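Undergrad: structure here, sequence nowhere to be found:
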């Protein structure tokens, strides 16, 4: 089993996420993405698009996995924040 480098703390019930972006790898990003999709199924396509982009960029030898994962994680967190804000305005 893969040794997890970071402890992800997902408090999806409260709508907040705490992650250590500095050491997350692609596998952990995938797990994180699945958690976001479970909580927000309507964001599935966008979340998976960001994950796929990170995965593709990591295949390029010039790209750092850590950097690409951090960019993707930031984009996914922004998606969730925007979605939560829109849902709050619609209530």
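TA: In hand now; what should we look at? Please read all numbers here as calculations on a predicted model, not as lab measurements. Residues are numbered from 1 along each chain as shown.

Undergrad: rest of the way, CA atoms for contacts and neighbours
TA: Will do.

Undergrad: ranges for the strands of this structure?
TA: For the chain, applying DSSP state E gives strands covering 9-11, 16-18.

Undergrad: rank the ones you listed by mean pLDDT and give me the bottom one.
TA: For the strands of the chain, the weakest mean pLDDT is recorded on strand 9-11, namely a mean of 35.

Undergrad: okay, now residue 86: neighbour count?
TA: 11 (other C-alpha atoms under 10 Å).

Undergrad: nope, residue 28 is what I was after
TA: Residue 28 has 18 neighbouring residues, counting by other C-alpha under 10 Å.

Undergrad: over to residue 31?
TA: Residue 31, neighbours per other C-alpha under 10 Å, totals 12.

Undergrad: could I get the pLDDT score of it?
TA: 97.

Undergrad: quick one: buried residues of the longest helix anywhere in the chain?
TA: The longest helix of the chain (DSSP state H) is helix 65-90. By 16 or more other C-alpha atoms under 10 Å, the buried positions in helix 65-90 come out as 65-73, 75-77, 80.

Undergrad: from those, pick the one nearest residue 50.
TA: Of all the buried residues of helix 65-90, residue 50 sits closest to residue 72, with 5.5 Å by C-alpha to C-alpha.

Undergrad: the closest residue to that closest one other than its chain neighbours and residue 33, how far apart?
TA: Among residues not flanking residue 72 along the chain, residue 50 sits closest, at 5.5 Å (C-alpha to C-alpha, 6 or more residues apart in numbering). Residue 50 sits 9 Å away from residue 33, going by C-alpha to C-alpha, to the nearest Å.

Undergrad: how about residue 71?
TA: Counting by C-alpha to C-alpha - residue 71 and residue 33 are separated by 13 Å.

Undergrad: low-confidence regions, this structure specifically.
TA: 1-22, 61, 90-91 (pLDDT under 70).

Undergrad: leaving out sequence neighbours, find the closest residue to residue 76.
TA: The shortest distance from residue 76 to any non-neighbouring residue, by C-alpha to C-alpha, 6+ apart, is to residue 47 (5.9 Å).

Undergrad: wait, what's in contact with the one you found?
TA: Shown in contact with residue 47 (C-alpha atoms under 8 Å, 6 or more residues apart in numbering): 33, 36-37, 76, 79.
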